[in-house]
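**Student:** Here is my input; please provide its structure:
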Amino acid sequence: MPFYIGYGVDAGYLVVVLVALVLGTAAQAYIKSTYRKWSQVDAGIPGTGAEVARVMLADGGASGVGITRVAGTLTDHYDPRDNKLHLSDDNYRGASVASLAVACHEAGHAIQAAQGFFPYRVRTMLVPAVGIAENSWILVLLAGVLLNLGGLVQLAIVLFAVAVVFQVVTLPVEIDASRRAVAFLSSRGSGLDEKGARSVLIAAALTYVAAALTSIMQLVYLLGRYGGRSND
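**Tutor:** Okay, the predicted model is just below:
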């Protein structure tokens, strides 16, 4: 979020915000367009997203994972706290290439957890710290700038860096879950299933890439502007 320095808006930060808006908007538009396209193509594998994900879970040694519905569109996720896949209604009951791709991607996360996939374990360990960092860094930064306390400014940068590390670690986790989903659908379906699943999941991955790039740019900006700030 933009903040104020002195009597005007910081121009450098506005550039970061503008780039973030462009990248985020483009990534969201692309995933929605790709998902819509492949939602209209029936998968060659029999079964709904929930049913096919159940087969993939069993094959991956995660048969104890539950599957339930969640409200919204593309709100699908795996929650390790209740050990369940939470699939949006369209993907839970849908039988399109897009529905199966998304459902199996979430199954991939559950299998990562069951198999102790290292990047997934690191990401999970970072979750508590990230929750604190994301909710507090901007307030700490503002306090440090307004009160001219270099220590608070440095703390804010460290907190934001934790959030950036989390986003970077998220990338291999998401890529691996997609790889598992595409491999499973390819082994059970046709070339069209593989092509569609790959397209949908690459589009989804780009949203994480855009978020990570934006955060890295923001961190570089903060380091450049405030990295050397110290108490008077």
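
**Student:** Wait, Thr214 touches Thr25, no?
**Tutor:** No - using CB atoms under 8 Å, Thr214 is not in contact with Thr25; the gap is 11.5 Å. C-betas here are computed from N, CA, C, even on glycine.

**Student:** Same drill for the two, tell me which one is more crowded.
**Tutor:** Neighbours per residue, other CB atoms under 10 Å: of Thr214 and Thr25, the larger number sits with Thr214, 21 against 11.

**Student:** is it fair to say the more buried one lies in a helix?
**Tutor:** Yes - Thr214: assigned to a helix according to DSSP: H, G, I helix; E, B strand; the rest coil.

**Student:** do you know how far it is from Val145?
**Tutor:** Separation of Thr214 from Val145 (CB to CB, to the nearest Å) stands at 21 Å.

**Student:** How about Asp10?
**Tutor:** 10 Å.

**Student:** Give me the phi and psi for the spatially most central residue of the chain.
**Tutor:** The centroid of the chain falls nearest to Tyr208 when counting by CA atoms, centre = their mean (4.8 Å). Main-chain dihedrals, Tyr208, degrees, to the nearest 10: phi -70, psi -40.

**Student:** does the nearest residue to it once chain neighbours are set aside sit in a helix, a strand or a coil?
**Tutor:** Leaving aside its chain neighbours, Tyr208 sits nearest to Glu174 (5.2 Å; criterion: CB to CB, 6 or more residues apart in numbering). Of the three states, Glu174 takes helix according to three-state DSSP.

**Student:** so how many other residues sit close to Glu174?
**Tutor:** Glu174: 20 surrounding residues under other CB under 10 Å.

**Student:** ok, now the one 3 residues further on?
**Tutor:** Neighbouring residues of Ala177 were enumerated by other CB under 10 Å; the total is 25.
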